[in-house]
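J.: Build me a structure from this.
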Amino acid sequence: MSSKIEHFTPDLDSRRGEGLTREVCGFIAGTEYEDLPEELLELGRKSILDGLGLALSGSVASSGRLVQDYLSSQNIAGDATVIGTPLRVSPRFAAFANGISMHADDYDDTQLAVGADRVYGLLTHPTAPCLPAALAIAEAADRSGRDLVLAYHLGVEVETKISEAMSPRHYQHGFHSTATCGTLAAAAAASKLYGLDLERSLHAMALAASQSAGLRENFGTMTKAFHAGRAAESGVLAADLARSGWTATDRILESPRGFFQAHGGGYALEAIEGKLGKPWTFIEPGISIKPHPSGSLTHPGMTKLLELILEHDIDEAMVERVDVGTNHNMPNALIHHRPETALQAKFSMEFCMAIMLLERRGGLSEFSDEVVHRADVQKMIRKIHFGVHPEAEEAGYDKMTTILDIHLADGRHITGRADFGKGSPSNPMSYDEVADKFRECAGFAGFREDRIQPVIDAVKRLEELTSVRELTGLLAGRSG
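T.: The predicted structure follows:
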C-alpha cells in the first residue's frame, strides 16, 4: 500500500509586514506621558482601580494562598508588594503573584473586538498581565505615578492591538490570549520602565514571545489565573534579560516562523500596522469592566435577565424553562454545562442564569463551591437550556448577542436580547461604580472601609503621586 505525502514549506523569506516588530518597539520606546490624552488617562484609572481590587479579592482565593505559601518558601525577598499580604519579593515574583490574583475570580476587564469575524470578548484581559508587571517594577524602583501610568498604557495598547490582529484561529484552537498576548504586554511595560532603547526593546519582545503560552483547556481551574501571572512574570524576565544584554531576533511578530504565524496561522496586518495609539484601544472600541466574576460572555445575558426579572417580578417558582441562545463561539468558551465547582461556574451560562433567577445578583459571594452545590441552584441549572441561536449567529462575532426566552408556569413567554452587558463602552461604569466594585473586592479580602477609601482616592490622583510606594503601601496586608 502506498501513500502520497504532500509537504508544505512556508515562505520563510516572506517580507509581509516587514518592520512590524520594530514599529511596535519604536512606539514603546518613543511614546512619552505627554502623548497620552486625558480621555485615555480617565479610562485607565478605572481599570487600574478595578485591577487592584481584584488583586485584593484574589489574594484570599485558594490560588492566592497557594502562591503565597510557595513564595514564602523561596529565597526571593525584594522591594515589591504581593498585594493583600505583608510579603515583599523581587518584581518578577510580585508580578507573578499579583497577576494570578487579578485573574483568580475572572472578574477583570476585557478587550472588545472590532471586526465581525473576530471573537468578541475572547481577545484578552488586558490589565491582569500588564499592571502587575508595571506596578512591581515601578514600586521596586521608586518610580512616579506618571511613570507607572505610561508603562501600563503602552503595555495594554501593544497587547490589545496584537490580540486584535491575531487570527481568530489562535483562540478557537485552544490558546488563551491573556496568557500569550499578555506576555508581550508585560514585556512592553517593563521595557518602558527600564528605559530600554529600541534595540533592547526588540530583544525583550522576542524573549517574551518565546515564552508566551497558555491553553484554554484549563478554563474552570486555577491554571487559568496562572496564565495571567505567568505572563506578567515572563514579561519582567524578558525585559530583565534584554536589559542585561541578552539578544534575540528583531522580527518576532511578522516572521513566518514568528509569533503570529506560529500561534494563529496568520494575522491581519491592517489591524496593527500604523494603528498603535491611533486610536488607543481604551478609547475606541473600548475596554469592558466586568459587573460579575464570570466569563464576560455571560454578562449580556445576566444584564438582560436581571432587567426582565425586575420588570416582571419573576421569582424562581414561576420559572419552568429558560432558553439562552448565542453565536457558536460562546459555547466554545462556556464549556461547563453542569458545573461542580465555583471555578467551573464562571464558565457556565447555565449557572449564571440560575443564580440571577434565584438571588437577583451574581457577585463574589455567589460564586462559591457551597452555592454551586445548593439543591435549588442545581435544580434551576437543569431548567436552563443553552445553545446556538440563528439571530445571534447572524449578528456577528464582534458582539456577544444573547437571546432569552423565559417560559413561565402561567403560560407566558418573556423574551429579551442583549448585545453587550453592563460595564461595556455602550453601558459603561463610572469611576464611582468601579469604586463600589473595589469596595466589594477589598471587603471580601477583609479590608476595613478606613483602608479602602484611601486607595480609591490615590488611584483617582495617580498621576500626581511622586512615588508609586504611596499606593502600594495602602495595598499591603498586615502581619498577624
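J.: what ranges do the strands span in the chain?
T.: Assigned by DSSP state E, the strands in the chain fall at 77-81, 88-89, 110-111, 287-288, 319-326, 384-388, 402-408, 413-418.
J.: now those in CSV, with distance to Glu440, mean neighbour count and mean pLDDT?
T.: From N, CA and C alone the C-beta is placed, and that goes for glycine too. Shown next, in CSV, are the strands of the chain (distance: least, CB to CB, whole Å; neighbours: other CB atoms under 10 Å; pLDDT from 0 to 100):
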stretch, distance to Glu440, mean neighbour count, mean pLDDT
strand 77-81, 21, 19, 97
strand 88-89, 26, 21, 98
strand 110-111, 18, 28, 91
strand 287-288, 17, 27, 94
strand 319-326, 26, 20, 98
strand 384-388, 25, 17, 97
strand 402-408, 24, 21, 98
strand 413-418, 23, 16, 96
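J.: Now tabulate these in CSV and tack on distance to Arg169.
T.: Converted to CSV, the strands of the chain look like this (distance: least, CB to CB, whole Å):
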stretch, distance to Arg169
strand 77-81, 37
strand 88-89, 37
strand 110-111, 17
strand 287-288, 23
strand 319-326, 20
strand 384-388, 19
strand 402-408, 24
strand 413-418, 27
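J.: Tell me which of those sits nearest to Gly473.
T.: Of all those, strand 77-81 sits nearest to Gly473, with 7.9 Å by CB to CB.
J.: So in that sheet, which strands flank the closest one, and in what orientation?
T.: According to DSSP bridges, strand 77-81 forms sheet pairs with strand 88-89 (antiparallel).
J.: gap between the partner strand and the chain center?
T.: 24 Å (CA atoms, centre = their mean, to the nearest Å).
J.: Likewise for stretch 473-480?
T.: The answer for stretch 473-480 is 25 Å, by CA atoms, centre = their mean.
J.: May I have that stretch as CSV, with CA atoms only?
T.: The C-alpha coordinates for stretch 473-480 follow below in CSV (Å, rounded to 0.1, in the frame of the first residue of the first chain):
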residue,chain,number,x,y,z
GLY,A,473,1.8,50.8,50.9
LEU,A,474,-2.0,51.1,51.1
LEU,A,475,-2.5,47.7,49.5
ALA,A,476,-0.1,45.6,51.6
GLY,A,477,-1.6,43.2,54.1
ARG,A,478,-0.7,43.4,57.7
SER,A,479,1.1,40.7,59.7
GLY,A,480,-0.7,38.9,62.4
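J.: Show me what it is in contact with.
T.: Residues outside stretch 473-480 that contact it (CB atoms under 8 Å, 6 or more residues apart in numbering) are 52, 55-56, 59, 81, 83-88, 451, 454-455, 458.
J.: do stretch 304-323 as well
T.: Counting contacts by CB under 8 Å, 6+ apart, the residues outside stretch 304-323 that touch it are 353, 356-358, 360-361, 376, 380, 383-385, 387, 402-410, 414, 416-418.
J.: ditto for stretch 415-424
T.: Residues from elsewhere that reach stretch 415-424, judged by CB under 8 Å, 6+ apart: 112, 286, 288-291, 296, 299-305, 307-308, 391, 395, 399-406, 426-427, 429.
J.: and what of stretch 248-267?
T.: 10-14, 16-22, 24, 162, 165-170, 175, 180, 184, 199, 202-203, 205-207, 209-210, 212, 242, 269.
J.: again, only this time at 6 Å
T.: Residues from elsewhere that reach stretch 248-267 (CB atoms under 6 Å, 6 or more residues apart in numbering): 10, 12, 14, 17, 20-21, 165-167, 169-170, 180, 202-203, 205-207, 209.
J.: domain assignment for this structure?
T.: The chain breaks down into these domains under automatic domain parsing: 20-290+457-475, 296-418.
J.: hey, which of these is tucked in deepest?
T.: domain 20-290+457-475 (a mean of 23; mean count of other CB atoms under 10 Å).
J.: Next, the distance between the ends of that domain.
T.: 38 Å (CA to CA, to the nearest Å).
J.: and if you look at stretch 253-263?
T.: 10 Å.
J.: same question, stretch 263-280
T.: 24 Å.
J.: That one: how far from the chain's middle?
T.: Distance, stretch centre to chain centre, for stretch 263-280: 19 Å (CA atoms, centre = their mean).
J.: same thing with stretch 386-404?
T.: Offset of stretch 386-404 from its chain centre (CA atoms, centre = their mean): 22 Å.
J.: Can you give me the end-to-end span of it?
T.: Start-to-end span of stretch 386-404 (CA to CA) is 10 Å.
J.: could we number from 19 for the rest of this?
T.: Renumbered: residue one is now 19, and that last one reads stretch 404-422.
J.: Run through the residues that contact the residue nearest the centre of the chain.
T.: With the centre of the chain defined as its mean C-alpha position, the nearest residue by CA atoms, centre = their mean is His143, 1.7 Å away. Counting by CB under 6 Å, 6+ apart, His143 makes contact with 126, 128, 196.
J.: The second one is in contact with Ser306, isn't it?
T.: Yep, that's Thr128 we're talking about. Yes. Thr128 lies in contact with Ser306 (CB atoms under 6 Å); the separation is 4.6 Å.
J.: Could you list the low-confidence segments of the chain?
T.: For the chain, the stretches with pLDDT under 70 are 19-32, 133-140, 497-498.
J.: run the last query once more with 50
T.: Counting by pLDDT under 50, the chain has low-confidence residues at 19-21, 23-26, 139, 498.
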